[in-house]
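> Please work out how this folds:
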Amino acid sequence: MKLYEKIFHFIRSHGRGWAFSSHDLIHKFSRQEIDNTLSDLVHQGKIRRLARGMYDYPKYSQILQSELSPDVEQVAHAYARKFNWKIEISGESALNILGLSTQVVSKYIYLSNGPKKQYVIYDNITLEFKKSALKNIGFKYKESSLIVQALRALGKENVNEDIIVKIKKQIDKKMYDKILKDTVTTTDWVYETIKKICKKDDTNE
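As a prediction, the model looks like this:
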């Protein structure tokens, strides 16, 4: 297998929507090999450059016949890996990603143990990282952090069956058991809500 094919195979193995930087490939290939190949892959339309040094393997909509906007969570975690940060999505941004807010936003805010930074990526989306003491960084899965932060931003009194159904539609059923194990140490009311969200026999799908 040629170098070009090896690198593209590695990228493709992570699935559509994966965002990455050269940092994610450096353990397998040399920096020069990576830079040259990524440039070729962008030119051929196989990957997309989102910002300087940041790329994704874009999802494609057959209905719209076009590439979809970048997965903000994927991009945020790609930056975190690149700079060795620990990050946690803010409550308001979690609401937006899960479709629980009607506010149209172009800025997504993440809390970070690194310095304050801001990046503008593809589609003029802004990612802002704010230095903060992280409270929920123990979560293994991004879905866990999204759900917990969204629920806390809403508050117990504002979480109803409609909210539970909306969140449920955004989560892959394969993640239910993982999320339940991942969030077991959260506040009681939050975890009770998560159990309803991840209840397998309570779906209209």
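> which element is the residue sitting nearest the centre point of the chain on?
Centroid-nearest residue in the chain: Glu73, 1.9 Å away (criterion: CA atoms, centre = their mean). Glu73 belongs to helix 72-83 when assigned by DSSP states H and E.
> List the buried residues for that helix?
72-80 (16 or more other CB atoms under 10 Å). The C-beta positions use only the backbone N, C-alpha and C, and glycine is treated the same way.
> Tell me which stretches of the chain form helices.
3-12, 31-43, 72-83, 91-97, 142-154, 161-170, 176-182, 188-197 (DSSP state H).
> The last one - contacts with which helices or strands?
Applying 3 or more CB pairs under 8 Å, 6 or more residues apart in numbering; DSSP states H and E, we find helix 188-197 packed against helix 142-154, helix 161-170, helix 176-182.
> Show me what the first one packs onto, helices and strands only.
Secondary-structure packing of helix 142-154 (3+ CB pairs under 8 Å, 6+ apart): helix 72-83, strand 87-89, helix 91-97, helix 161-170, helix 176-182, helix 188-197.
> Deepest in the core, which of these is it.
strand 87-89 (a mean of 24; mean count of other CB atoms under 10 Å).
> strands paired with it, and their directions?
Here strand 87-89 is paired, per DSSP bridges, with strand 107-112 (antiparallel).
> now the strand it pairs with: mean pLDDT?
The pLDDT scores in strand 107-112 average 93.
> Now tell me what touches it from outside.
Under the criterion CB atoms under 8 Å, 6 or more residues apart in numbering, residues 72, 76, 80, 85-90, 92-93, 96-97, 125-132, 134 lie in contact with strand 107-112.
> mind redoing it with 6 Å?
72, 76, 85, 87-90, 93, 126-130, 132, 134 (CB atoms under 6 Å, 6 or more residues apart in numbering).
> Taking those, tell me the two that lie furthest apart.
Taking CB to CB, the two most distant members of the contacts of strand 107-112 are Thr126 and Leu134; they sit 20.8 Å apart.
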